[in-house]
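Chemist: okay, predicted coordinates and the sequence, questions at the end:
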Amino acid sequence: MKKKSYIITFCSLWLGFQLSAQGVDTVRFTLKEAIQLAQLQSVDAAVALNELKTAYWEYRTHVADQLPEVSFTGTLPAYSKQYSKYQQSDGSYTFVQDNSLGLSGEISVVQNIALTGGKIALNSSLDFTRQLGQGAFNEYMSVPIGVTLTQPIFGVNNQKWKRRIEPVRYQEAKAAYIESVEGVTLSTITYFFNLLLAKENLQIARQNLENADKLYEIAIAKRKIGHISESELMQLKLSALQKKSELTEAQSNLNAKMFQLRAFLGVGEQQVIEPIFPESAPMLRMIYQDVLQKAQENNSFAKNIRRRQLEADYAVATAKGNQRSVNLFASVGYTGKDHTFDAAYNHLKGNHIVEVGMSIPILDWGKRRGKVKVAESNRDVVLSKIRQEEISFNQDIFLLVENFNNQAAQLEIAQEADAIAERRYKTSIETFMIGKISVLDLNDAQQSKDEAKQKHIQELYNYWRYYYNIRSVTLYDFCNQQTLDADFEEIVRK
């Protein structure tokens, strides 16, 4: 996307709305302007943006999880004055009083190890205790530096799998956002052409009523001189009444379609929208293989398939890793203690802990092995569904390309038929005035004109709908020959 030009267009369009809100009631819209406004402020666009923000911050959380985390924990202060049970060396119990004031603090730096799935921590801590009461004294214990390693030996490496899955998930979310924006475009096209068709129907109804009134006046004069029958005169009068009824219905339908478009675009109810008839459409011809290639490269479906495959493999790896559990815990560092702060950091002694814990089932009646088989079966189901979805996806694209290519010819035919029907109707009116054709022939010409105009608008709508459907599937602008993209960092900060 040409972001700068879009921003300028958006600002100009928004400024136009502000000026119109100050006194101008009618707003003229081209199809392109309606699409840009919908992408800027429609409710559907806001929903797509919020979904993108959710995916963005989930991915940012994943990225942050791969970086060192620095934290401070402390107790400031801890005061205790109580009695507690204490077992003496001879086995008897007594109660001793604890009357102390304590302070503690620890700074730690924790880093996940993506290669092995373990975690390493570097920490430094200091504990202070003041024994209160008679013979009060201070006690310090320091750990200037300590290194702790926690490492699963045979379990699944969660960090490795997350590093493979989460980027794909975010790419899927970004593609889905652009598709949602294109979905807003498709909805805009539908609302726009519904209003355009309602507008044309209203104009047709007005023109038909005007012509019917004129023809009825002419018919009255012809009846007086005996050129037409009373039945034909009454038929023309009935036709004029029908045209009045059709005009009322057309006006009501126009108001309904305008309300729908206003609500979708977020335009005030005081605005009167006047859609501008698209003069032309780009004559493009799509090639199925090219469209399919763009769809496979850009569509969220391709990312969705890859993510589901990875998640299925992850589930199998997790089930296999849970068959046995062996964890290593090692802590190496130095510690010191004394009655003064400085002395607590002198004469340091080693502080080492190494633990290897394990959980290996001896007899579980095949429970863990069964979980592995279930995970493998689920993966096979996922892969089978993916293959079927790929077939359907390719078939839908093929039909979409075929429909678009055929629609270009249908649109050209509809344009020509509309022009011919309009000329025929004008000629029929002139011919009727000189008495060369009957009322039935005139009505047939009028009906053909109306149907041709409606057909022209419908075919134009179908053309743009197919084109933007292809855009939403491929995320590619075939008119400008560029991939649809966006500055996602800028978008989520709006």
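Modeler: Yep, that arrived.
Chemist: which SSE is the nearest residue to residue 361 once chain neighbours are set aside in?
Modeler: In space, and not counting its chain neighbours, residue 361 is closest to residue 368: 6.2 Å by C-beta to C-beta, 6 or more residues apart in numbering. Quick note: C-beta positions are derived from backbone N, CA and C, even for glycine. Using DSSP states H and E, residue 368 sits in helix 367-433.
Chemist: which helices and strands does that helix pack with?
Modeler: helix 158-224, helix 288-298, helix 300-321, helix 439-474 (3 or more C-beta pairs under 8 Å, 6 or more residues apart in numbering; DSSP states H and E).
Chemist: now do the shortest one and helix 300-321, the angle between them.
Modeler: Comparing the axes of helix 288-298 and helix 300-321 via axes from the mean of the first three to the mean of the last three C-alpha atoms, to 10 degrees yields an angle of 50 degrees.
Chemist: which secondary structure elements does helix 288-298 sit against?
Modeler: helix 300-321, helix 367-433, helix 439-474.
Chemist: pLDDT weak spots in the chain?
Modeler: Under the criterion pLDDT under 70, the flagged ranges of the chain are 1-24, 227, 279, 358, 360, 439.
Chemist: domain ranges for it?
Modeler: As assigned by automatic domain parsing, the chain contains the domains 34-62+162-200+219-229+277-308+381-492, 70-113+118-156+325-360.
Chemist: gap between the two ends of the first one?
Modeler: By that I understand domain 34-62+162-200+219-229+277-308+381-492. 23 Å (C-alpha to C-alpha, to the nearest Å).
Chemist: run the chain-centre distance for it.
Modeler: Centroid separation for domain 34-62+162-200+219-229+277-308+381-492 versus its chain: 19 Å, with C-alpha atoms, centre = their mean, to the nearest Å.
Chemist: surely residue 138 is in contact with residue 130?
Modeler: Yes. Between residue 138 and residue 130 there is a contact at 5.1 Å, judged by C-beta atoms under 8 Å.
Chemist: report the outermost residue of this structure with respect to its centre.
Modeler: residue 90 (72.1 Å; C-alpha atoms, centre = their mean).
Chemist: ok, now how distant is the closest residue in space to residue 326 that isn't next to it in sequence from residue 369?
Modeler: Closest residue to residue 326 apart from its sequence neighbours, by C-beta to C-beta, 6+ apart: residue 153 at 3.9 Å. The spacing between residue 153 and residue 369, counted by C-beta to C-beta, to the nearest Å, is 20 Å.
Chemist: just to revisit the earlier point, tally of neighbours for the residue nearest to residue 361?
Modeler: Neighbour count for residue 368, taken as other C-beta atoms under 10 Å: 14.
Chemist: what does the residue nearest to residue 483 when sequence neighbours are not counted show for phi and psi?
Modeler: Of all residues not flanking residue 483 in the chain, residue 476 sits nearest, at 5.5 Å (C-beta to C-beta, 6+ apart). Here is the backbone geometry of residue 476 (degrees, to the nearest 10): phi -140, psi 130.
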